[in-house]
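**Student:** here is the input, now give the coordinates:
(2 chains)
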Amino acid sequence: MTNTAREFRQGVIDILPVIAAASVIGLLWGTLAAGKGLSPLETGLMSFGVFAGAAQFVAIELWQDPAPWFFLTVTVFIVNIRHVLMGASLSRHMGNIPSGWRAPLLYMMADENWAFSERRALTQPLTMAYYLGLGLPMIVTWTTTSVIGALAGAWLQDPAAYGFDFAFSALFIGILAGFWKGPKTGAVLAASAVVAAVAKLTIPGAWYIVLGGLAGVLVAVLLHAEKEEEEAEAMS
Amino acid sequence: MTLHLTTLAAIIGMALATYATRVAGLFLMRHVNVKGRTKAAFDALPPAILMAVIAPTILATGIAETIAAGVTAASAFLRLPMIVTVLIGMASVVLLRMII
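**Tutor:** Have a look, this model is predicted:
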């Protein structure tokens, strides 16, 4: 097997648990979309074009007929604003990807494949093949299961009964463990978790993700400044 | 197979807004030199964002979810395969919801 094929295959293997969970979430989203009057074609177009689970759930929640397209566009932008930070971070690891491909490839950057890409970059260079191995199966799965959901109607009555509503949280916890570097990571995670949870309860919309993320980053910067001061003192 | 004009407008608007957020970071980073404090900030970003996404579910939903998150974290730190960690998380949340 060539190196490219091996990288692609590893990406597909890494993303399999996500695919399993995303299929169910995609079916669920498709049934909700059909319930709001979207046709299977419209459902598939949105899942392929937007390709952002959280934003799509929020949009369907707010959906009316006729579609308030400007309001939906702005809302989706806010829900997805975390992507700006994620893309900024990921772009540091795209050195091995031809520069003309970087912007088009970012279309498929979602929470899960981004997290696996970042995790990969901790130990080895991120390749386009690995990135595509993560992303392409997600796009195909998300789009097809959305359409199937829209066609099938409301057969998936209660995903919570099987714990599927917890699948993404469990997955993220699993990914997070790979970022653990000691007590400092603990402080970053604690700040992020507390601020995000409080923001979710007090501020309407999806700002909690950005606020929690920034709180974690702030703690990391403060801890870093402390370390620099200690080093400066040791030098003098 | 129907496709309404306003629905299509909404889909295109949402798709463009989402792509704008995805690609913006790439262009921002062309003017940033990542070292020292900036590097510390960016290194903390992935775990901080991931935690922020799930924090409401694991901290502010119920006792069952919070305990299940702890069980999942323990499995993750035992270096179990990802799919096993996810299944343990799902199973524990179902069981805990029955008990609590």
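**Student:** report the central residue of chain A.
**Tutor:** Central residue check for chain A by C-alpha atoms, centre = their mean: the C-alpha nearest the mean position is that of A:Asp111, 1.4 Å away.
**Student:** so that residue sits against B:Ile54, correct?
**Tutor:** No. With contact defined as C-beta atoms under 8 Å, A:Asp111 and B:Ile54 do not form a contacting pair (9.9 Å). Any C-beta I mention is one placed from the backbone N, CA and C, and that applies to glycine too.
**Student:** hmm, which helix or strand of chain A has the shakiest average pLDDT?
**Tutor:** The element with the least model confidence among the helices and strands of chain A, by mean pLDDT, DSSP states H and E, is helix A:53-62, at a mean of 82.
**Student:** picking that back up, who touches both of A:Asp111 and B:Ile54?
**Tutor:** Each of A:Phe172 lies in contact with both A:Asp111 and B:Ile54 under the rule C-beta atoms under 8 Å, 6 or more residues apart in numbering or on different chains.
**Student:** now do the contacts for the residue nearest to the residue nearest to the centre of chain A when sequence neighbours are not counted.
**Tutor:** Once its chain neighbours are removed from consideration, A:Asp111 has its nearest residue in B:Val53; the separation is 6.5 Å (C-beta to C-beta, 6 or more residues apart in numbering or on different chains). Under the criterion of C-beta under 8 Å, 6+ apart, the neighbours of B:Val53 are A:Ala54, A:Arg82, A:Asp111, A:Phe172, A:Ala196, A:Ile209.
**Student:** now which of those would you call buried?
**Tutor:** Of all these considered here, the ones buried according to neighbour count by 16 or more other C-beta atoms under 10 Å in any protein chain shown are A:Ala54, A:Arg82, A:Asp111, A:Phe172, A:Ala196, A:Ile209.
**Student:** coming back round to it: the least confident helix or strand of chain A packs against which elements?
**Tutor:** Applying 3 or more C-beta pairs under 8 Å, 6 or more residues apart in numbering or on different chains; DSSP states H and E, we find helix A:53-62 packed against helix A:3-35, helix A:40-50, helix A:69-79, helix B:5-28.
**Student:** and residue 77, how many neighbours does it have?
**Tutor:** Picked chain A for this. Using other C-beta atoms under 10 Å in any protein chain shown, A:Phe77 has 18 neighbouring residues.
**Student:** other chain: chain B
**Tutor:** 13.
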